[in-house]
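Enquirer: Sharing a sequence plus its predicted fold:
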Amino acid sequence: MIQFEKFTLSNGLKVIFHKDPTTPLAVINTLFDVGARDESPDKTGFAHLFEHLMFGGSINIEDFDAPLQNAGGESNAFTSNDITNYYNIIPAQNIETALWLESDRLLSLAFTEKSLETQRSVVIEEFKQRYLNQPYGDVWLELRPLAYTTHPYQWATIGKEIKHIEDASMEDVKSFFYKHYTPSNAIVCIAGNFELDYVKQIMEKWYGDIPSGIKPARILPLEPKQEIFREKTIESKVPSNAFYYAFKMAEKKSFEYYVTDLLSDALGRDKSSKLYISLQKELKLVTEIHCYITGSLDNGLLIIEGKIAPGETFEKIDSGIWKVLEELKNKLLSDSDLERIKNKISTSKEFQEQGLLNRAMNLCLYELLGDANGVNEEASLYESITAAHIHTIANEILITENCSLLKIKAIQE
Amino acid sequence: MINRTLAPTITSINEISFTAPKIIPLNQHVNLFWMSEIYDETTRIELHFDAGTIRSAEKVAGFVNSLLLSGTPTKNSTTINNELDSLGVFTDIEVGQEIAVVSIYCLRKNAEKAFSIILDAITNVNFDENEIEDIIREKKQNFLIGSEKVSILSRRKFQESIFDNSINYSRQLKLEDFDTITKESLIDFHKAHYLNGLVKVIIVSRLEEEKIAHIAKTLTEFCVSTPVKFEDNFINKKGRIDIQKYGAMQTAIRIGMPLFNKKNSDFIDFQILQTILGDYFGSRLMSNIREDKGYTYGIGCGVSETFESGHFIIATEVGKEYVEATLNEIKFEIERLQQEEVDSDELTLVKNYLLGQLLKSADGPNAMTDLFIGAFNQGKDLTFYQDVINRINAISAEELKLTAIKYLNWENLTIVTAG
């Protein structure tokens, strides 16, 4: 159980306070309700590029990191297709340094040309390092547009192509900031050994006078229901053939999301899962195989991916996978299978909640979904799932018409 | 209205509370370290074996490690995995250069069962032919995939060069090694380095005292019976080595030289110096090469410690057109540390940052245990970290400059590029 208190400043900024009396550190986590899904198709990679610029100095403070480090703290951020999340970890006695910095960059950025030019170049190197210069690194650049025809999940957070990052102008940057970086579009979590009154007072002090802004309405193009199987093969200079089956699944707010999560665990989380046992241990068709969900807030994907053993074929893999899926659709998961999957979830949750930062990030994410307390309801939600629930979802989503398949064919140099 | 141009007052860290785990000797050479001051239901158990890659001339250390849960005379791998997963247990089984570690993560209520399943599995491996074949096939694929990554190509060559005078430490797996593994060599290594190779046990859990005692007793028979020895006095191959990787868009760079570990009295000074150079986000290498020039997504440095020695390493991946420029800037930053004293603002910042990092490293029972072990491995206790705090507070810009002159010499470095 994660204890927390919630309050909202008059400018609409939502604040969650989580008290942890055991730590000498404080976490300040800020979630902005903006991600790559909010970009326009001809300016992708923007939310992420912008995240970099948030460290390039704000209206009253030349440099973000140096004062924070000087106070013994550190900071980082990440961007997903759904959200942008910034965090600071700092000795508790210096929490106001972090609030001073965070609130000033919410008030306004410095918007220097130098910062834009440098971060543009850094992000291009990041694009190369993580997506282009790694074996299989470009898979998500190919799989997303195959699985999504309409919804902005069709591009990755890094962007569709380097050119979009090269073309970003200062004007674009400014309008992105003014639209999305407002108190009304943010959730802050303060975690550490403080009293609620104190947290209210310092939050009011640093954030109280920032104009509210208008929370941007999100009207995203809806992904139409997929009705035909889609397949794409790309050739790549990689050591082995690889496959990625992507099945559409429910949004995060739904009960079905959690059912699908368990379904993916049953199929391919660990070495007792059905795909691993069948394709890797028994048939020896693959050298690795995994099943997982993308965890997206809107309709996401259940992915089955793996690498093909030398000498084996895509056809054999395909029939092997569908055989496992059909079995799961025809027969209820056994009680012991279900219990095993749930026990793993309980263990990982207990370990995840050890971290102060994890707790703060999760509280913000659940608040975005509607209620921070969702973080405490997750366990009973998983517990309530039955084999029949999983059976229903398996039959609904694990069908060819709901599937997009990307094949990576290895070619010699 | 608040004046936002004024920074809030900073309170520096004067004191950090350190907690030591209890030490339970299993024999003269092996201890069990038990951190019981934990407030949640998690349990972490680590078994450390004298089974690193340095111990295997036949290069089987990694294969034996991967086969630890592959089956016993009474259970196959699927049964073992199923039993563990049913208890919600996660395992992490890794081989390093000097030691191999089996880590168990589970809830306290399942800890005893998980421990006995794992101990049974790893001490009764039956080295089934089928399982051996599976592991070789899987590891070979991973090796080939790794060989496509410039970061891994440069790392392999760097390791080889930094330990140039040591056969055991410079040893790297090659593609042809996958074809020469024999069952006998696996069995021999397992017997020598696992069945008689336990060197350390770590438990972070609120388990009851008698359960800890039981675990301790059960493990005694697997402990090493003589002190374990590790090498030192490494000599590197100096100068530059370029590895060609056709079609790569980025080049990985690794630069470094043999150094020392906590046992050396200059260790703390060097740590502070290398933090300024490249071991935090605002470091000189990051400021110059990422934040000013935009050559890379990231660049960093660190000291990698072994039981008797250590080495210094700078690592980055840069756009292939920026390799020479990056090397020039790294050289420039190293020489700047030797020629100019660090100004007081920067020095204060780094001191405060390091104290904040130390506070973080001591936060929570798991972090605190790792911090303790880090010192204990090199014959130190928690007073070492008080020395660190004192030294951070006391060190001067002049002393740092002298440290740079003493240790950071461009001519002594190994430079590997892959791209």
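Expert: In hand now; what should we look at?

Enquirer: C-alpha from now on. contacts and neighbour counts both.
Expert: OK.

Enquirer: Neighbours of the residue of the stretch 101-250 of chain B found nearest chain A, how many?
Expert: Using CA to the nearest CA, the closest approach of the stretch 101-250 of chain B to chain A is made by B:Glu138 at 4.9 Å. Neighbour count for B:Glu138, taken as other CA atoms under 10 Å in any protein chain shown: 17.

Enquirer: Check the secondary structure at A:Lys284 for me.
Expert: Three-state call for A:Lys284 (DSSP: H, G, I helix; E, B strand; the rest coil): coil.

Enquirer: What segments of the stretch 301-413 of chain A are helices?
Expert: Here the stretch 301-413 of chain A has its helices, by DSSP state H, counting those that start in this stretch, at A:314-330, A:335-352, A:356-369, A:374-383, A:387-397.

Enquirer: who are the neighbours in contact with B:Thr403?
Expert: If you count contacts by CA atoms under 8 Å, 6 or more residues apart in numbering or on different chains, B:Thr403 has them with B:266, B:269-270, B:273.

Enquirer: now do B:Thr5
Expert: By CA under 8 Å, 6+ apart, the residues touching B:Thr5 are A:60-61.

Enquirer: any idea how far A:Ala110 lies from A:Asp104?
Expert: Note on A:Ala110: its distance to A:Asp104, by CA to CA, to the nearest Å, is 10 Å.

Enquirer: Spit out the residues that contact those two alike.
Expert: With CA under 8 Å, 6+ apart, A:Ala110 and A:Asp104 have common neighbours A:58-60.

Enquirer: So what are the sheet partners of the strand or helix carrying B:Ile93 and their directions?
Expert: In the assignment (DSSP states H and E), B:Ile93 maps to strand B:90-95. Applying DSSP bridges to the sheet, strand B:90-95 is found paired with strand B:100-107 (antiparallel).

Enquirer: tilt between the helix or strand hosting A:Phe247 and helix A:387-397?
Expert: Element membership for A:Phe247 (DSSP H and E) is strand A:242-248. With axes from the mean of the first three to the mean of the last three CA atoms, to 10 degrees applied, the angle from strand A:242-248 to helix A:387-397 works out at 100 degrees.

Enquirer: Strand A:242-248 and chain B, are they touching?
Expert: No - legend: contact between strand A:242-248 and chain B by CA under 8 Å from any CA of the partner chain is lacking; minimum distance shown is 11.6 Å.

Enquirer: Okay, domains of the chain per the record?
Expert: With no chain named, the answer covers chain A. Chain A breaks down by automatic domain parsing into domains covering A:5-207, A:230-410.

Enquirer: actually chain B
Expert: Listed by automatic domain parsing, the domain ranges of chain B are B:22-222, B:239-418.

Enquirer: if you average pLDDT over the longest one, what comes out?
Expert: Domain B:22-222 shows a mean pLDDT of 97.

Enquirer: gap between that domain and the chain center?
Expert: Distance of domain B:22-222 from its chain centroid, counting by CA atoms, centre = their mean, to the nearest Å, is 15 Å.

Enquirer: okay, how far is it across it, tip to tip?
Expert: So domain B:22-222: terminal residues 21 Å apart, CA to CA.

Enquirer: now do stretch A:295-311
Expert: 34 Å.

Enquirer: could you say which helix or strand contains B:Gln141?
Expert: Using DSSP H and E, B:Gln141 sits within helix B:129-146.
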